[in-house]
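# task: produce atomic coordinates for the following.
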Amino acid sequence: MKVLLIGSGGREHALAWKIAQSPLLEKLLNVPGNLGTGRFGQNVPFPLNHSEALVDLAQREAIDLAVIGPDNPLADGIVDAFNQGGILAFGPTAAAARIESSKTFAKEIMAEAGVPTARAHSFSDAAQAADFVRSSSQPWVVKADGLALGKGVIVAETVEETLAAIQTLAATPAGEVLLLEERLHGPEVSVLALCDGKRLAALPPARDHKRLRDGNLGPNTGGMGVVAPVDDVSADVLDQIVATCMQPVVDALLRRGAPFCGVLYAGLMLTAQGPRVLEFNARFGDPEAQALLPLIDNDLLAMMRDCAAGNLKPESLKRRKGYAVCVVLAADGYPGKPRKGDQISGVEAVEDNKVLIFHAGTRMGTDGLATDGGRVLGVTGLGATLKQARDRAYETANRIKFTGKQLRSDIGG
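Have a look, this model is predicted:
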C-alpha cells in the first residue's frame, strides 16, 4: 500500500514508526513530516490548508490510504476532499469531526445519545456568561467551543477565577462561543478506539498529564506525559465506557448521516457515580499515541484500511502485555512562547530497544539536533511493570540535554 500521512508532531512520528512495521506498506509519504517521520518514509514539505493540492498529490502518487493526524485539517474537511477525489482516508469528515471542533455540538450529541456527562451552559456573549457566573455564585469549568491546541479549558477554583477565565478564552479565536461546565471530581482517563462508522475497537486506557508541572500544577499544555494502560480501569469498566459513552455517540452520528471513521477519543472522569465524559477528540492524541501505539500487537495499517473501508473487525485488535510511559521534554517558555534553537544532546546515544524517542519539535541545525517547538521530544519507556516502563523512560529523558528543558518528574508516579 502507498500511504500519505498528514502531520508533523510526535503523534505522526509514532504513526510512521507503527505504519512502517506493516508488511502491506509499499511507500510512505509524510506531509510535511519531521525528523522522526523521515526515517520511515519521504517527507514532503507541503501546507496542510491546501486540500485540493493535497488531493492532487495523492492522486499523482496513486495513494491507497491517507491517514490524518492533527485536528485542524479534519475540522477543515480534508477527509471530505480526499473522498471526493477518490482517495480512501482514515479520519472523520468535517461533519463527524464536529464532535471535537465544537464542544457545544458534542454536548448536543451526548444529550441525544444519553451519554453521561457534566451539566453545561453555552454562551455566545462573554458578558452574559459572566452574569450567569455571578448569579450562580459558584465556580465553573470554562471551555472554548472551538479547537485550541489542547489549551482551551480552564478549571476555575473560585467565582473570580471563572470570570478571569471567561475573559481569557473569549479573547481567543476558539472562544467565540464559551461553555460553562460543572466541575466533576475523580481521576481522569482517556479511552481511544478505532472506528469504521459503526463499530469500535478500544485501545488500552491511558492517562494524560495536561499540567506543566509536577502535582498537576501550572498552566494547561498539549500534554506532558502519558501512562498506558491504567490499572484503575478494569476490563469491565472499559467495556462500560465503550457501551455507555462511546458506542451511543457513534450510533447518533450515523443516524445524522455523519458516520465517524477514524479514532474516537473519549476524555472521561471516573466519578463516584460512574464514568462521565469530559470531551471527545476526533483523532489520536498527542502524546497519547506515543504510549498507545507500542502496545498494539497487530498490523495498524491493515486496521486503519479496514476502518476507512467500513469493514473493521474489532475482535482482531491484539494488545501487548505490559506498560508504556511517555515523558514529554518541552522547550523553555512552553506553553507560552517556547524558545527555539537550543542544541540537543544525548538522543543518538540511546540504544535500549525498550525505549522509543519520538520527535515533535526538532530540527537539524548547523551544530546538530536543535529544538524547534514547544514540545520537543517524547520519550517512551516500555516494561512488564509500570515501574519498569517508568524507570526506563526517565533514565533516558534525564540523559537528554538542552538548555531550559522542562519535564514532569511524576508521570506514572
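# next up, the contacts around Gly114.
Contacts of Gly114 were listed using Cβ atoms under 8 Å, 6 or more residues apart in numbering, and they are Pro248. From N, CA and C alone the C-beta is placed, and that goes for glycine too.
# again, 10 Å this time
Counting by Cβ atoms under 10 Å, 6 or more residues apart in numbering, Gly114 touches Thr244, Cys245, Pro248, Ala252.
# please name the nearest non-neighbouring residue to the residue nearest the centre of the chain.
Centroid check for the chain by Cα atoms, centre = their mean gives Gly285 as the closest residue, at 1.4 Å. Excluding its sequence neighbours, the residue lying closest to Gly285 (Cβ to Cβ, 6 or more residues apart in numbering) is Tyr265, at 5.7 Å.
# beta partners for that neighbour?
Beta-bridge pairing for Tyr265 (DSSP bridges): Leu192, Asn281.
# mind checking how far it is from Val379?
According to Cβ to Cβ, to the nearest Å, Tyr265 and Val379 sit 22 Å apart.
# try Asp367
22 Å.
# again with Ala75
In terms of Cβ to Cβ, Ala75 sits 30 Å off from Val379.
# more neighbours: which of the two?
Legend: neighbour count by other Cβ atoms under 10 Å for Ala75 and Val379, higher for Val379 (29 against 18).
# shouldn't the more buried one be within a strand?
Yes - under DSSP: H, G, I helix; E, B strand; the rest coil, Val379 falls within a strand.
# now the nearest residue in space to it that is not next to it in sequence: phi and psi?
Nearest non-adjacent residue to Val379, counting by Cβ to Cβ, 6+ apart: Ala397, 4.4 Å away. Per-residue torsions, Ala397: phi -60, psi -40 (degrees, to the nearest 10).
# what about Ala397, neighbour count?
Neighbours of Ala397 using other Cβ under 10 Å come to 27.
# how close does it sit to Asp410?
Counting by Cβ to Cβ, the gap from Ala397 to Asp410 is 13 Å.
# part of a strand, is Leu74?
No - assessed with three-state DSSP, Leu74 is helix; it does not lie in a strand.
# quick one: contacts for it?
Contacts for Leu74 were tallied using Cβ under 10 Å, 6+ apart; they are 6, 68, 80, 89, 91-94, 96-98, 100-101, 147, 262, 281-283.
# so which of those residues belong to helices?
The helices, defined by DSSP state H, take in Asp80, Ala94, Ala96, Ala97, Arg98, Glu100, Ser101 from the contacts of Leu74.
# pull the most distant pair out of the residues you listed.
With distances taken as Cβ to Cβ, the most widely separated pair in these is Asp80 and Glu100, at 15.5 Å.
# which one of these two is surrounded by more residues?
Glu100 (22 against 18).
# domain assignment for the protein?
Domain assignment for the chain, taken from automatic domain parsing, gives 2-93, 120-181, 185-316, 323-399.
# quick one: which of those domains is nearest Glu112?
domain 185-316 (5.2 Å).
# ok so, going back, turn the domains of the chain into JSON lines, including mean pLDDT.
Shown next, in JSON lines, are the domains of the chain (pLDDT from 0 to 100):
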{"stretch": "domain 2-93", "mean pLDDT": "96"}
{"stretch": "domain 120-181", "mean pLDDT": "92"}
{"stretch": "domain 185-316", "mean pLDDT": "96"}
{"stretch": "domain 323-399", "mean pLDDT": "94"}
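# let's have those in a markdown table, adding distance to Ala113.
Formatted as a markdown table, those follow (distance: least, Cβ to Cβ, whole Å):
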| stretch | distance to Ala113 |
| --- | --- |
| domain 2-93 | 16 |
| domain 120-181 | 15 |
| domain 185-316 | 4 |
| domain 323-399 | 31 |
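# got phi/psi on Arg276?
Torsion angles, degrees, to the nearest 10, at Arg276: phi -130, psi 140.
# just list the residues touching the residue nearest to the centre of the chain, thanks.
Gly285 touches 11, 150, 190, 192, 206, 208, 222-223, 226, 263, 265, 267, 291-292, counting by Cβ under 10 Å, 6+ apart.
# swap in Arg339?
The contact partners of Arg339, taken as Cβ under 10 Å, 6+ apart, are Ala331, Asp332, Gly333, Thr371, Gly374, Phe402, Thr403, Gly404.
# need the nearest residue in space to it, chain neighbours excluded.
Leaving aside its chain neighbours, Arg339 sits nearest to Asp332 (4.5 Å; criterion: Cβ to Cβ, 6+ apart).
# measure the one you found to Ile296 for me?
34 Å.
# which one's more surrounded, the two?
Ranked by neighbour count (other Cβ under 10 Å), Asp332 and Ile296 place Ile296 first, with 19 against 16.
# isn't the more buried one up against Arg319?
Yes - using Cβ atoms under 10 Å, Ile296 is in contact with Arg319, at 6.7 Å.
# having no further points to raise, I will conclude here.
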